[in-house]
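[1] sequence and predicted structure are below.
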Amino acid sequence: MKNIKNIVYCCIIATSTVVLMPSCSDFLDEELTTSLSLQSFETPEGLDGLSTGMYQGLRFHFNYNWAYATTNYGTDEFSVGGDRSEQMWNTYDASLNSLNAYAANVWDNMYSNIASANILIKNVPLYYGNLPNRDTRLGEGHFMRAFDYFKLVRQFGGVPLKLEPSVTVEFEFGRNTAPEVFEQIIKDFTEAYNLLPATPAQQGRLTKWAAAHFLAKAYLTRASELYSDWNSATKNEDLDNAIKYADIVINSGKHSLAKDFRELWNYTTVNGANEKLPEIILAAEFSNNTATQGRYGNQVHLYYPSIYQNLAGMQRDIPGGREFQRMRTTDYSMDVFDRVNDSRFWKSFKTSYSCNKPASAPVWEAKYAPKPELVGKPRFAGGQQSILYIVNNAGDKRYTEESIKYRAPHMFVRYFDGDSPNLMSEHGNYTTSRYVTMSKFLDGSRISVASQFGCRDGILARLAETYLIAAEAYGRNGQYDAALPYINAVRDRAAYKEGEDRTVYSDGGAAYKNNAVANAAQYTSYSEINSYYESNNIPVTTTASLSALHLNSTTDIFNSTKEFYTEVGASSQAEKFLHFILNERSRELVGELLRWEDLSRTKTLVTRAKVFNDDTNPKEGVHYLRPIPQSFLDAIHKNGKPLSGEEKQAMQNPGY
């Protein structure tokens, strides 16, 4: 019997990882094996293990450079930081081609999980009998197959549909059309919705609500602009179905928005409370079990932080993160927020650090010391504020390159006095290595300062997005008033509440407090505060308007002067609503590995990236899709022979 890794040629389907029988608590924390034969999947026990193994595939989306490169680079939200290792995904230069490893990584890993799903779908009816989990196992197979094909079609367009297990080596594969792939995705998600349980047997397993969320998203995606040359016949029905299935999740009674946006990111311990919030519909499960973390663990925490360790008085530590400085926050990602009233900005970005290496703290120079007796003395002590980012607006006259030298912490100011408004980061003293860090994924539970293995779960679907899916579908139908309650549900949660301390800062770095390794240090870079009041240049006694984010009517959308309609060329109500909802998705979901696919499906990528990203140049008609991996094209055959150069080019996406 062939080992599973030999079933289908590796360019199409890679080795399938199988997990042996799970425990009741942490069902992914079990010994791994990759040497099972097909006969192992002809028993309920083997099929249970295969099912659990497919969940390992969800971790792929948070594992390594492909996680951010294929989802966030080259958009309006993030540009390239000081490390330009994967810059081609942002600039779209010639090195983003079919030889790029990460395109092949996405391709191979999706097909690997599809291979497991095909076996499960085929074998459960044959070998599982009428045991209680029969429908669940079958539903998991349909969900995973749909989920992986949904990823493939958004990244590559039409791809080969492989719906049966392979028992011999196969070389002949053609590309199905995008309509055919979407039809299969919707069919599988629908089957999953009908089969999966309302309540999972274990934390992290699939439910019918996860299937409904992604079904709504698939319908919305198919109704989007990227597919306008063929989706007209199904568009209206697709939008109605997007609303239908989004409402099913919203009204399920199983999921609800967290009361405070902060709860989603205030990660304090492995498998803690914030990973069990009812807002979370699906997450890739990670833990601190080193035996099962695999080659990568969750590494997304590495890519957003800007450099702090080489400033005087600072060193790299666990709560501050290992700063790979890949994803530099754009001005758009700061200016899209109402930073006075919208708490999401201050709960998504880090603006203050504390001194964790006082022996190397900078000292006061005579010219800048507040008092003569402080000359030559440290500007700050261990645990005191050492780095401060001011997120201000153009026209602010408080700061100059000279005046900030009178301040104790290292000061990074977005706009100095005299700087002109500019959406391209050419102002103040922010740099490619010094920028406001998105803090959603920081992970203070890691086992060492150098460790790349994050332990926190990776959110793949949460209810706030479900609300925005329904809102977008209503707006696309021209039912703008009907969209308002869904938008307001998200915005009302986002607004600062009466009595809320607006200086409070928290993120996943807080997990260091429960981390014995991190607590061994006398001082840490973790700061309990943000720069809310100073950045906004308002008195500490100021209270934000509790209704400032609530939309009273569609006039608040269409007449807004703060949604960049002029910059992106939006004039009609339909255009304005589309860009508004994209802005709202940024405010709620910034950095959550969704943006490139949002801008691609809406065909706003070229416009918005060029307006808001200073280091990108996507091309119309090319960069809405990724290149088909060369490794696939080189491996497949046609009529028993390898493809010719012309045949490979014909199968490749345009422009590559």
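    Looks like it arrived, so ask away.

[2] show me what the lengthiest helix in the chain is packed up against.
    In terms of residue count, the longest helix belonging to the chain (DSSP state H) is helix 101-127. When contacts are defined as 3 or more C-beta pairs under 8 Å, 6 or more residues apart in numbering; DSSP states H and E, helix 101-127 packs onto helix 44-59, helix 66-69, helix 134-156, helix 630-635. C-betas here are computed from N, CA, C, even on glycine.

[3] how about those helices in CSV, adding distance to residue 107?
    CSV is the format used below for the helices and strands packed on helix 101-127 (distance: least, C-beta to C-beta, whole Å):
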stretch, distance to residue 107
helix 44-59, 13
helix 66-69, 10
helix 134-156, 7
helix 630-635, 6
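
[4] would you mark the buried spots in the longest helix of the chain?
    102-121, 123-124 (16 or more other C-beta atoms under 10 Å).

[5] repeat for stretch 155-174
    Neighbour counts over stretch 155-174 (16+ other C-beta under 10 Å) mark 155, 156, 157, 158, 159, 160, 161, 162, 165, 166, 173 as buried.

[6] before we move on, what about stretch 259-278?
    Across stretch 259-278, burial judged by 16+ other C-beta under 10 Å covers 261-271, 274-275, 277.

[7] which member of these is positioned nearest residue 541?
    Residue 541 lies nearest to residue 262 out of those, by C-beta to C-beta, at 22.2 Å.

[8] contact partners for the closest one?
    By C-beta atoms under 8 Å, 6 or more residues apart in numbering, the residues touching residue 262 are 343, 347, 504, 506.

[9] dump the residue contacts of the nearest residue to the last one once chain neighbours are set aside.
    Computed as C-beta to C-beta, 6 or more residues apart in numbering, the closest residue to residue 506 that is not its neighbour in sequence is residue 266, at 4.5 Å. By C-beta under 8 Å, 6+ apart, the contact set of residue 266 is 274, 506, 507, 508, 510.

[10] pretty sure the first one sits against residue 261.
    Right, residue 274. No. Here residue 274 lies out of contact with residue 261, judged by C-beta atoms under 8 Å, at a distance of 11.4 Å.

[11] shared neighbours of these two, anything?
    Joint contacts of residue 274 and residue 261 (C-beta under 8 Å, 6+ apart) do not exist.

[12] could you pull up phi and psi at residue 389?
    Taking degrees, to the nearest 10, you get phi -100, psi 130 for the backbone angles of residue 389.

[13] all the strands of the stretch 351-500 of the chain, residue numbers only.
    Assignment of strands within the stretch 351-500 of the chain using DSSP state E, counting those that start in this stretch yields the ranges 352-354, 385-390, 410-413, 437-438, 458-462.

[14] restrict the third one to CA atoms and write it as CSV.
    As requested, C-alpha coordinates have been extracted for strand 410-413 and formatted as CSV (Å, rounded to 0.1, in the frame of the first residue of the first chain):
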residue,chain,number,x,y,z
HIS,A,410,12.7,58.8,22.5
MET,A,411,10.1,60.7,20.5
PHE,A,412,8.7,59.8,17.1
VAL,A,413,6.3,62.3,15.8
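
[15] in it, what's buried?
    410, 411, 412, 413.

[16] ok, so of these, who is nearest residue 209?
    Checking these against residue 209 by C-beta to C-beta gives residue 412 as the nearest, at 42.2 Å.

[17] list the contacts for that closest one?
    By C-beta under 8 Å, 6+ apart, residue 412 lies in contact with 387, 388, 389, 390, 428, 429, 430, 434, 435.

[18] just these now: which is nearest residue 249?
    residue 435 (35.3 Å).

[19] burial of that closest one, as a residue count?
    Residue 435 has 29 neighbouring residues, counting by other C-beta atoms under 10 Å.

[20] thought it was touching residue 306?
    Yes. Contact criterion C-beta under 8 Å: residue 435 and residue 306 qualify, at 4.8 Å.

[21] what residues are shared contacts of the two?
    Listed as contacting both residue 435 and residue 306 by C-beta under 8 Å, 6+ apart are 81, 328.

[22] residue boundaries of the helices in the stretch 351-500 of the chain?
    Secondary structure of the stretch 351-500 of the chain (DSSP state H, counting those that start in this stretch): helices at 463-476, 480-494.

[23] the stretch 501-650 of the chain now?
    Assigned by DSSP H, counting those that start in this stretch, the stretch 501-650 of the chain shows helices spanning 516-519, 532-536, 555-558, 565-568, 573-589, 595-601, 605-612, 630-635, 645-651.

[24] residue 217: which of the ones you listed is closest?
    It's helix 595-601; of the helices of the stretch 501-650 of the chain, that one is closest to residue 217 (C-beta to C-beta) at 9.9 Å.

[25] domain assignment for the protein?
    1-137+162-173+594-656, 300-456+497-536 (automatic domain parsing).

[26] pLDDT on the last one, on average?
    What it means is domain 300-456+497-536. The pLDDT scores in domain 300-456+497-536 average 96.

[27] check the longest one too.
    The average pLDDT within domain 1-137+162-173+594-656 is 86.

[28] what's the closest non-adjacent residue to residue 394?
    Using C-beta to C-beta, 6+ apart, the closest residue to residue 394 is residue 421 (4.0 Å).

[29] deepest-packed of the helices of the stretch 501-650 of the chain, please.
    With neighbours taken as mean count of other C-beta atoms under 10 Å, those reach their highest mean count in helix 595-601, at a mean of 24.

[30] who's in contact with it?
    Identification of contacts with helix 595-601 by C-beta under 8 Å, 6+ apart yields 70-78, 154-155, 221, 224-227, 582, 585-586, 589, 605, 608-609, 624-625.

[31] right, and residue 605 touches residue 616 too?
    No. Between residue 605 and residue 616 there is no contact under C-beta under 8 Å: 9.4 Å.

[32] now list whatever residues contact both of the two.
    Here residue 605 and residue 616 have residue 74 as joint contacts, going by C-beta under 8 Å, 6+ apart.

[33] quick check: the closest residue to residue 605 other than its chain neighbours vs residue 466, distance?
    Counting by C-beta to C-beta, 6+ apart, residue 599 is the residue found nearest to residue 605 once chain neighbours are left out, at 3.9 Å. Residue 599 is 20 Å from residue 466, where distance means C-beta to C-beta, to the nearest Å.

[34] likewise for residue 180?
    Going from residue 180 to residue 466 by C-beta to C-beta gives 27 Å.

[35] looking at the two, which is more packed in?
    residue 466 (29 against 14).

[36] quick one: residues contacting that one.
    213, 216, 246, 249, 250, 255, 281 are the contacts of residue 466 under C-beta under 8 Å, 6+ apart.

[37] could you do residue 626 as well?
    By C-beta under 8 Å, 6+ apart, residue 626 lies in contact with 70, 103, 106, 155, 156, 653.

[38] from the residues you listed, which is closest to residue 189?
    Taking C-beta to C-beta as the measure, residue 189 sits nearest to residue 155 out of the contacts of residue 626, at 17.7 Å.

[39] quick one: pLDDT of the closest one?
    What the model reports for residue 155 is a pLDDT of 98.

[40] what sits closest to it if chain neighbours are left out?
    Among residues not flanking residue 155 along the chain, residue 626 sits closest, at 4.9 Å (C-beta to C-beta, 6+ apart).

[41] how far away is the one you found from residue 90?
    Applying C-beta to C-beta, the value for residue 626 to residue 90 is 14 Å.

[42] over to residue 310?
    Distance of residue 310 to residue 90, computed by C-beta to C-beta: 24 Å.

[43] other residues contacting stretch 179-189?
    142-143, 145-146, 149-150, 152-153, 158-159, 161, 163, 211, 214-215, 218-219, 221-222, 227, 230-231.

[44] list the contacts for residue 71?
    The contact partners of residue 71, taken as C-beta under 8 Å, 6+ apart, are 593, 594, 595, 596, 597.

[45] does it lie in a helix or a strand, and which?
    Following DSSP states H and E, there is no helix or strand that holds residue 71.

[46] any idea how many residues pack against residue 289?
    Residues lying near residue 289 (other C-beta under 10 Å) number 13.

[47] out of the contacts of stretch 179-189, which are buried?
    When the contacts of stretch 179-189 are checked for burial by 16+ other C-beta under 10 Å, the buried set is 142-143, 145-146, 149-150, 152-153, 158-159, 161, 211, 214-215, 218-219, 221-222, 227, 231.
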